[in-house]
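Asker: Quick one, structure for this:
(chains A and B)
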Protein chains: 2
Amino acid sequence: MPAVTKEVSREPRTARGRQTRRKILDAAAQEFGERGFHESSIVSITQRAGVALGSFYTYFESKDELFRALVSDMSDGVRDAVSPAISNLEPGLEREGAALHAFLDFVRQHKELYRIIDEAEFVAPEDWQAHYSNTAERITARLEEMKGQGIARDVGEVEAWAIMGMNVFLGLRFGVQDDALSTGEVARRAMALLERGIAR
Amino acid sequence: MPAVTKEVSREPRTARGRQTRRKILDAAAQEFGERGFHESSIVSITQRAGVALGSFYTYFESKDELFRALVSDMSDGVRDAVSPAISNLEPGLEREGAALHAFLDFVRQHKELYRIIDEAEFVAPEDWQAHYSNTAERITARLEEMKGQGIARDVGEVEAWAIMGMNVFLGLRFGVQDDALSTGEVARRAMALLERGIAR
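Answerer: Numbering: from 1, shown residues only, chains lettered A, B, ... in the order given. Coordinates of the predicted model:
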């Protein structure tokens, strides 16, 4: 028999298994988001998910492994919320604006996202690091395309991290904390900043 | 006798008292920065500080109170590192660049800053919130001055949070994580972005 890693062997093979794993991840997002990692319990998560406690261990080895899987899942969730919103757009600031707009909408619908990613710095530092590295890489790749088409000036890692930081803090302020402005208006103002700066 | 709040009454009255409190805060920054809140202990902090365990309670009621005092102290530290670097400069992007440059230098000298402020989201959420509200208010006030002098376009809370996010993430990437670029170069690139955007 070929050697398989533990993670691969735990990936559910059936649709029903994948559905149960999904239910546990969704319940975990609620539980960790409300209570934080340390106060959350596997018992409570399986109750929220409507899943038998025993079957939890078919999918995850521990609360720690579940948390790490959730961070990775939410990081993929951000990517998969943004990706379809920009897939038909040409490189440019319109595409960056659509990416930010889709991100802000995702945040408003998943307000637990920030608390979970932020707590990962302490509970799952490698996954936390990976989330930001992957996000910065996607922004860098889009900026490279803009550069290649001559529509962005010489931009690189500094600009990618600056834009990521801008997006993350706009998500915190206008996604998680305050719904007063529309997500479209926030994205529009951010793109005006990226297009021509704030100087008069 | 007039009623005094506990905090006021705990503020040391003598230079020696203030010095001891300072030693405890500096040792706490090291301990919390290295071990995180939950793994840190008052015993270990007083040992690092070279202060008797008993005298700790002259200054702080608990580990929790010490942590909250430290977050507030580090938030003031950021402000006090930036303030003299910009006090002689007129409103404008040169001043914003000097602020970011001073912030990045402070971060390189206090790499524990991020871990402590980030953990405050969970351990001392009100102080965490206050740190970002106060920082955003200072940026907003500087932008208002630029607007008043006709050197910034219509900018407000969205732009202030965008700039704060940019600064925070540049500090994480190029202050805490990676020293390869000079802080002056990072600040220069960020100011080019704020001055004229990334569009060609």
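
Asker: ok, and the closest non-adjacent residue to A:Val43?
Answerer: Spatial nearest neighbour of A:Val43, chain neighbours left out: A:Leu53 (6.2 Å); criterion: Cβ to Cβ, 6 or more residues apart in numbering or on different chains. The C-beta positions use only the backbone N, C-alpha and C, and glycine is treated the same way.

Asker: actually A:Ala81, sorry about that
Answerer: A:Phe106 (4.0 Å).

Asker: again, but for A:Phe122
Answerer: According to Cβ to Cβ, 6+ apart, the nearest residue to A:Phe122 is B:Gly36 (5.9 Å).

Asker: thought the one you found was touching B:Asp118?
Answerer: No - here B:Gly36 does not reach B:Asp118: they are 10.1 Å apart, not a contact under Cβ atoms under 8 Å.

Asker: shared neighbours of the two, anything?
Answerer: Counting by Cβ atoms under 8 Å, 6 or more residues apart in numbering or on different chains, the common neighbours of B:Gly36 and B:Asp118 are A:Phe122.

Asker: picking up where we left off before, make sure the residue nearest to A:Ala81 is indeed in a helix.
Answerer: Yes - according to DSSP: H, G, I helix; E, B strand; the rest coil, A:Phe106 belongs to a helix.

Asker: does A:Arg35 belong to a helix or a strand, and which?
Answerer: helix A:15-39 (DSSP states H and E).

Asker: How about the contacts made by A:Ile116?
Answerer: So A:Ile116 contacts A:29, A:32-33, A:70-71, A:74 (Cβ under 8 Å, 6+ apart).

Asker: Just the pLDDT for it.
Answerer: Looking at A:Ile116, its pLDDT is 98.

Asker: Disregarding flanking residues, what is the spatial nearest neighbour of it?
Answerer: Nearest to A:Ile116 is A:Phe32, by Cβ to Cβ, 6+ apart, at 5.4 Å.

Asker: Hmm, that neighbour is touching A:Asp64, no?
Answerer: No - taking contacts as Cβ under 8 Å, A:Phe32 lies outside contact range of A:Asp64: 11.5 Å.

Asker: if we can go back for a sec, the residue nearest to A:Val43: neighbouring residues, count only.
Answerer: 11 (other Cβ atoms under 10 Å in any protein chain shown).

Asker: give the contact list for it.
Answerer: Per Cβ under 8 Å, 6+ apart, neighbours of A:Leu53: A:42-43, A:46.

Asker: What confidence value was assigned to A:Arg153?
Answerer: 89.

Asker: and it, what does it touch?
Answerer: A:147, B:198-200.

Asker: So for those, which is the shakiest by pLDDT?
Answerer: Sorting the contacts of A:Arg153 by pLDDT puts B:Arg200 at the bottom of the list (80).

Asker: count of residues packed around that residue?
Answerer: Count around B:Arg200 with other Cβ under 10 Å applied: 13.

Asker: Could you list the domains of chain A?
Answerer: A:1-61, A:67-200 (automatic domain parsing).

Asker: and the last one, how far from the chain's centre?
Answerer: What that stands for is domain A:67-200. How far domain A:67-200 lies from its chain's middle: 9 Å, per Cα atoms, centre = their mean, to the nearest Å.

Asker: Name the nearest residue to A:Val107, sequence neighbours excluded.
Answerer: Nearest to A:Val107 is A:Gly175, by Cβ to Cβ, 6+ apart, at 3.1 Å.

Asker: Can you give me the neighbour number for the one you found?
Answerer: A:Gly175 is flanked by 25 other residues according to other Cβ under 10 Å.

Asker: where does it land in three-state SS?
Answerer: helix.

Asker: Now do the contacts for it.
Answerer: Applying Cβ under 8 Å, 6+ apart, we find A:Gly175 in contact with A:103-104, A:107-108, A:111, A:183.

Asker: Buried ones from the residues you listed, can you make that a PyMOL selection?
Answerer: Typed into PyMOL, the line below selects the buried ones among those, using 16 or more other Cβ atoms under 10 Å in any protein chain shown:
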select buried, chain A and resi 103+104+107+183
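
Asker: and which of the contacts of A:Gly175 is nearest to A:Glu157?
Answerer: A:Phe103 (20.0 Å; Cβ to Cβ).

Asker: related to what we said a few turns ago, and the helix holding A:Arg35, what other elements does it pack with?
Answerer: helix A:42-49, helix A:53-59, helix A:63-86, helix A:112-123 (3 or more Cβ pairs under 8 Å, 6 or more residues apart in numbering or on different chains; DSSP states H and E).

Asker: can you give me the angle it makes with helix B:15-39?
Answerer: Angle, helix A:15-39 to helix B:15-39, by axes from the mean of the first three to the mean of the last three Cα atoms, to 10 degrees: 160 degrees.

Asker: any idea how far helix A:15-39 is from the chain center?
Answerer: That offset, for helix A:15-39, works out to 15 Å (Cα atoms, centre = their mean).
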